[in-house]
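[1] Pasting the sequence and the predicted coordinates here, then a few questions.
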Amino acid sequence: MRIQHCRFWAIAGTVLPAFSALSRASVRMVWRKLLCWSLQGLLWTGLWGVAHAQPRFYALGTLPGNTDSVANAVSDTAHVVGYCYDYSSPLVWRPFIWSPETGMRALPLPGSAVSATANAVSGDGSVVAGQAVVDRGYACYWDETGAYFVLDRPSMATGVSYDGRIIAGWGDINRVVPFVFDRVASRLEFLPEPQGSAGTNYVYCVSGDGRVLGGMAMMRNNYLYDPRFRGGLSARGHVWVDGVPQARALSGGGFGSQVNALSYDGTIAVGSADLRPIFSSVRQAVLWEGTAATVLGTLGGRNSNATGTDRYGRQVVGTSEVPDSGTRPFYWTPRLGMVSLQDRFSAIIPAGWTLFSAGGISPNGRFIVGAGLNPQGRAEAWLIDTGGGYVAGDVNGNGCVDDADLLAVLFAFGNTGSGLDEDVNCDGTVDDADLLEVLFNFGNGC
């Protein structure tokens, strides 16, 4: 598709400088001409067909001597991290890293640790963050040189930046507080608590750029309207932006909320929140863009929880209760809403498998991981290669920004409303900005 890409940039280079002087009707006419020329070129060069990777399901297995496995995170390079255990000793964990090329490999235990979990992985799969157990749990990480502890107090590492430099988590220094560890500079920093914190603050993720942490803080503020709990504590979702805590909750929300994953720049957060300000409220998956919250719903059950999002915040995965009281992993986009991963990829999931949770999604949106019951009835980690991922400007969602996407935006030009596929930047109007978004990304993913 390089010829398409170059041809469009050559044409666009002569047109873009004049855009500011064009009316919408003129823009529509110009784009019609551009598309006609492009379609003719495609027919002449035989480039209409585009090859895409086929979706595939991987059962990740277990390490020798273990019976069960769980996948927590996956990189853009399909490196999966998690842990294995034996059903007879479920609290003895063995961390692993898996790739299609090598299969599952055990990660070495740092120091005198007796077990460990791998919780997060960098974008290229080279740095892994987790927790190792000696007498208690301690934050640790793995890189190409070995396994290392982050600090010598009870703690856990739960996130790693895209480039692997920043490791984030929480540590107990008489109060449980967030920490940021710069692996290259060997610099550890503890972040401030929100005003009103009761002294317990857990971090579950870090943004790809390493600037934003997400988690929750136990707050003394009285968010409950139930008189039985006046003066009690409430778990309140928070992000720490450049070290400064900011709340993420629902207006009028009840007992709690939490942030589990972030977009690359941290502007979008996903997690869960109580829907009503009462004890035992329904708790459902939520996406926050800034402080604006969108409740994602469920797969027919009462509760759900979002555990991962891609670098753009446009694809979300998590786990939802279903009507039979079991759980299933879900996949959500602004266009699709929430759908069952088991149903969406039923054609590639082998018979006898029942997926029950999703642990995360790769930053590029192509890979999804989680756990399920295999045909033998054991919990086993899995990976779904969706064959694509979110590509900016990909209106029809086929993983390739091409003429079909330009046509879709052109013919919807001027339309307004919410949830429009052609409204690429989600500002409620299909306009010049959407056309430019498609053009600037033309050829990506093809």
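    Arrived safely, thanks for sending.
[2] going forward, measure contacts and count neighbours with C-alpha atoms only.
    Fine.
[3] List of residues touching stretch 415-434?
    With Cα atoms under 8 Å, 6 or more residues apart in numbering as the contact definition, stretch 415-434 has outside contacts at 24, 27, 334-335, 392-393, 395-396, 408-409, 412-414, 437-438.
[4] go again using 6 Å as the cut-off
    Under the criterion Cα atoms under 6 Å, 6 or more residues apart in numbering, residues 395, 409, 413, 414 lie in contact with stretch 415-434.
[5] Let me have those residues in JSON lines, adding neighbour count and pLDDT as columns.
    Formatted as JSON lines, the entries for these read as follows, by neighbours: other Cα atoms under 10 Å; pLDDT from 0 to 100:
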{"residue": "395", "neighbour count": "25", "pLDDT": "83"}
{"residue": "409", "neighbour count": "27", "pLDDT": "93"}
{"residue": "413", "neighbour count": "21", "pLDDT": "93"}
{"residue": "414", "neighbour count": "15", "pLDDT": "92"}
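[6] Show me those residues that map onto strands.
    Using DSSP state E, no member of these sits in strands.
[7] okay, these in TSV with distance to residue 246 next?
    What follows is the contacts of stretch 415-434, written out as TSV (distance: Cα to Cα, whole Å):
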residue	distance to residue 246
395	33
409	37
413	38
414	37
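[8] With respect to residue 147, which of those is nearest?
    Sorting these by how near they are to residue 147, with Cα to Cα, puts residue 395 at the top with 43.1 Å.
[9] residue contacts, that closest one?
    Each residue near residue 395 by Cα under 6 Å, 6+ apart is listed here: 405, 421, 422.
[10] Between which two of the contacts of stretch 415-434 is the distance greatest?
    Greatest spatial distance among these (Cα to Cα): 395 and 414, at 15.7 Å.
[11] in this protein, which helix or strand is least confident?
    Across the helices and strands of the chain, the lowest-confidence element by mean pLDDT, DSSP states H and E is helix 2-15, at a mean of 43.
[12] returning to that earlier point: now list the buried members of the contacts of residue 395.
    Neighbour-count burial (16 or more other Cα atoms under 10 Å) is assigned, among those, to 405, 421, 422.
[13] How about the secondary structure of the first one?
    Right, residue 405. For residue 405, the secondary-structure state derived from DSSP: H, G, I helix; E, B strand; the rest coil is helix.
[14] which non-adjacent residue is nearest it?
    When the adjacent residues along the chain are set aside, residue 405 lies closest to residue 395, with 5.2 Å between them (Cα to Cα, 6 or more residues apart in numbering).
[15] before we move on, the earlier item: which members of the contacts of stretch 415-434 occur in helices, if any?
    residue 409 (DSSP state H).
[16] mind listing the helices for the stretch 201-350 of the chain?
    Counting by DSSP state H, counting those that start in this stretch, the segments of the stretch 201-350 of the chain that form helices are 341-344.
[17] partners of the nearest residue to residue 240 once chain neighbours are set aside in the sheet?
    With sequence-adjacent residues excluded and distances taken as Cα to Cα, 6+ apart, residue 240 is closest to residue 213, at 5.0 Å. Beta-bridge partners recorded for residue 213 (DSSP bridges): residue 206, residue 240.
[18] Isn't residue 213 up against residue 204?
    No: contact between residue 213 and residue 204 fails when scored by Cα atoms under 6 Å: they sit 7.7 Å apart.
[19] ok, the two, which is more surrounded?
    Of the pair residue 213 and residue 204, residue 213 is the one with more neighbours under other Cα atoms under 10 Å, namely 35 against 25.
[20] and residue 216, what is it in contact with?
    By Cα under 6 Å, 6+ apart, the contact set of residue 216 is 201, 202, 236, 237, 238, 258.
[21] one more time with 8 Å, if that's ok
    Listed by Cα under 8 Å, 6+ apart, the contact partners of residue 216 are 201, 202, 203, 235, 236, 237, 238, 239, 257, 258, 259.
[22] from what I can see residue 200 touches residue 175, true?
    Yes: counting by Cα atoms under 8 Å, residue 200 does reach residue 175; the two are 6.2 Å apart.
[23] Looking at the two now, which is surrounded by more residues?
    With other Cα under 10 Å as the criterion, residue 200 and residue 175 differ in neighbour count, and residue 200 comes out ahead with 19 against 12.
[24] separation between residue 83 and residue 115?
    Using Cα to Cα, to the nearest Å, residue 83 is found at 10 Å from residue 115.
[25] Identify the contacts common to the two.
    With contacts defined as Cα under 8 Å, 6+ apart, the residues shared by residue 83 and residue 115 are 93, 94, 95.
[26] May I ask which of the buried ones among the contacts of residue 395 comes out lowest in pLDDT?
    In terms of pLDDT, the lowest of these is residue 421, showing 78.
[27] Tally up the residues packed near residue 172, please.
    A total of 20 residues lie near residue 172 under the criterion other Cα under 10 Å.
[28] again but with residue 55, I slipped
    Per other Cα under 10 Å, the neighbour tally for residue 55 reads 15.
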